[in-house]
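Engineer: turn this into a model:
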Amino acid sequence: MLRNLQKFLARLYRIEPPADVRDYLITDARHARALEGDGGREAEEKLLVAENDDELHLALYLDAELLERLASQDPFECLGADNFEDFCKVIEGLSHFNYLTWNALADRRVTLLELELQAEIDKYIGARTLATHQARPELAARLLAVLFESPRFHTTLSAAEYERYFHAGRFAGWYCRSLEARYAGGLPGGDMLDELRAFYRLPQPAKLSHIHSAAYA
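Structural biologist: Coordinates of the predicted model:
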């Protein structure tokens, strides 16, 4: 399931993931804490990153119970209230992994804000695509509200972390609402998919400029 979800995101953006996420997967919270060190926040999903000279070391932590729950309620079969939150957590981790490794292979640096922004967009695009495939218009109609209205943030976030998550969610919400307005209904395809793929490849300043232009067009 995890590899299928990774490929699902990659196909949307027409990229080839540089690495199989399963080779970098950690499911034991104790192992993740040992790698992260002191000061880490308890969460069911984390991308752990360390740089050493010209090398990038990665591990994606997804809690074992989280993966078991989602495997038992396969989102490719039915995405709904019972598995939506777990789906979003796994998509967030895979989005971070795909985006960071793809840019690293091209020798491009990315910011933490870029990672979070892309992950929020990926949740929307991934859920919208599955909702269309599964003929779930009621789910598609609620996505903007569920994902971007009244967001909740972990109480242990630092001020810098809160600001980053807040702005990533706000920018992603603006952008996804503009997509809904400009490309009505259904599966991302055609011009909408072309835009998403072009957006994926933009650096952060160009992404934010495009969001502002699209939101206020």
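
Engineer: by mean pLDDT, which helix or strand of this protein comes out lowest?
Structural biologist: Least confident element among the helices and strands of the chain, by mean pLDDT, DSSP states H and E: helix 29-36 (a mean of 86).

Engineer: which residue is nearest the middle of this structure?
Structural biologist: Taking CA atoms, centre = their mean as the criterion, Ala119 is the residue nearest the geometric centre of the chain, at 2.3 Å.

Engineer: Ala32 touches Ala59, doesn't it?
Structural biologist: Yes. Taking contacts as CB atoms under 8 Å, Ala32 lies within contact range of Ala59: 7.4 Å. Bear in mind the C-beta positions are built from the backbone N, C-alpha and C, glycine included.

Engineer: so what sits against both of these two?
Structural biologist: Ile26, Leu48 (CB atoms under 8 Å, 6 or more residues apart in numbering).

Engineer: compare these two (neighbour count), which wins?
Structural biologist: Ala32 (21 against 17; other CB atoms under 10 Å).

Engineer: please tell me how far the more buried one sits from Glu42.
Structural biologist: In this view, Ala32 and Glu42 are 10 Å apart by CB to CB, to the nearest Å.

Engineer: give me the contact list for the biggest helix by length in the chain.
Structural biologist: If you go by DSSP state H, the chain has its longest helix at helix 159-182. The contact list for helix 159-182 (CB under 8 Å, 6+ apart) reads 112-113, 116-117, 119-121, 124-125, 143-144, 147-149, 151, 153, 157, 192, 195-196, 199, 208, 210-212, 214-215, 217.

Engineer: and stretch 195-211, what's buried?
Structural biologist: Residues of stretch 195-211 classed as buried by neighbour count (16 or more other CB atoms under 10 Å): Glu195, Leu196, Phe199, Tyr200, Lys207, Leu208, His210, Ile211.

Engineer: what residue, apart from its backbone neighbours, is nearest the last one spatially?
Structural biologist: In space, and not counting its chain neighbours, Ile211 is closest to Tyr175: 4.7 Å by CB to CB, 6 or more residues apart in numbering.
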